[in-house]
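Enquirer: Based on what follows, work out the 3D shape:
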Amino acid sequence: MKFPLSRTMCLVCSTAALAAALSACAPVLIGGGAVMGALVATDRRTTGTQVEDEGIELRTANRIREALGDRVHVNVTSFNRQVLLTGEAERAEDKQRVEQIAQGVENVRSVVNEVGVMPPSSLSQRTNDTFITGKVRASLVDAKDLVANAFTVVTERDVVYLMGRVTSREANRATDIARGVSGVRKVVRVFEIVSEEELARSNAALNARQPAPVVQDPAAASTPPAAAPAMSAPAASGVQATPLAPLPTPAVTGVVTQPVR
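Expert: Residues are numbered from 1 along each chain as shown. You can find the predicted model right below:
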């Protein structure tokens with residue numbers, strides 16, 4: 001079943017086109033080059049884990065770039081400290097070296113190496129991959145029975161990789177949706193499967209860590225502040241004020257001074 005373009009999908013795809021233009025020349029990308037900025041409000045990872053994943057992506061990408069330069073085109077995506085490597089390396093030993101580098105990065109839990117041994121993909125292929133990522137994410141947003149931001153979507157050479165901490169039902173539903181998007185050749189699941197009970201406990205723990213919202217009293221908000229009492233002018237005393245003597249002229253020092261009486 002193919003899913004028609006919705007307004008959400010059109011917006012995401014427009015953003016995807018811009019992302020493709022900005023990232024096409026980079027030999028090593030973080031976050032899989034996917035469109036993720038629009039959906040950051042709800043995440044099943046703790047804030048600390050999200051920050052750690054970003055750090056893992058940066059450290060891994062930097063080390064790959066330092067070791068192999070432009071000999072490889074690699075996307076690095078980390079979710080809950082599980083690293084997904086996608087892209088291309090022209091030599092099998094370079095593919096193996098990329099995996100070894102990722103495994104040596106601090107706090108990495110596991111590595112999934114999906115780098116293909118082949119020449120780097122073309123600009124048109126990477127642009128198309130970015131469009132597919134946008135369409136898959138938009139389709140997940142349109143699915144009312146899924147939390148779209150629970151999923152990370154990466155596309156490489158028309159193959160869609162799905163990551164996330166999800167239940168079996170959510171994994172199957174998201175897989176079916178991704179398969180129905182036009183242009184998708186294959187869907188690879190890199191999920192961390194949890195039970196419904198475990199997910200409920202995890203969500204409760206995350207919600208408990210969120211600060212309570214500040215609730216304003218409607219009555220107080222609708223009541224205007226009391227006006228300050230008016231100040232009356234002092235009564236005339238009939239006493240004449242003695243004029244002050246003029247201040248002496250300050251010495252010339254190069255500093256601007258202000259006389260004080």
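Enquirer: Counting neighbours, what do you get for residue 120?
Expert: Residues lying near residue 120 (other Cβ atoms under 10 Å) number 18. C-beta here means a position set from N, CA and C on the backbone, and glycine is covered the same way.
Enquirer: which SS class is it?
Expert: Under DSSP: H, G, I helix; E, B strand; the rest coil, residue 120 falls in the coil class.
Enquirer: residues in contact with it?
Expert: Applying Cβ atoms under 8 Å, 6 or more residues apart in numbering, we find residue 120 in contact with 72-73, 87-88, 90.
Enquirer: same thing but 7 Å
Expert: 73, 88 (Cβ atoms under 7 Å, 6 or more residues apart in numbering).
Enquirer: Could you measure from it over to residue 159?
Expert: Residue 120 is 16 Å from residue 159, where distance means Cβ to Cβ, to the nearest Å.
Enquirer: Torsion angles phi and psi at residue 151?
Expert: Main-chain dihedrals, residue 151, degrees, to the nearest 10: phi -120, psi 140.
Enquirer: and what of residue 104?
Expert: Per degrees, to the nearest 10, the backbone of residue 104 is at phi -90, psi 0.
Enquirer: how many neighbours does it have?
Expert: 12.
Enquirer: Distance check, it against residue 171.
Expert: 30 Å.
Enquirer: and the strand or helix carrying residue 161, which strands flank it?
Expert: Element membership of residue 161 [criterion: DSSP states H and E] is strand 159-166. Partners of strand 159-166 in the sheet, by DSSP bridges, are strand 151-156 (antiparallel), strand 186-193 (parallel).
Enquirer: quick one: average confidence on it?
Expert: Mean per-residue pLDDT for strand 159-166: 98.
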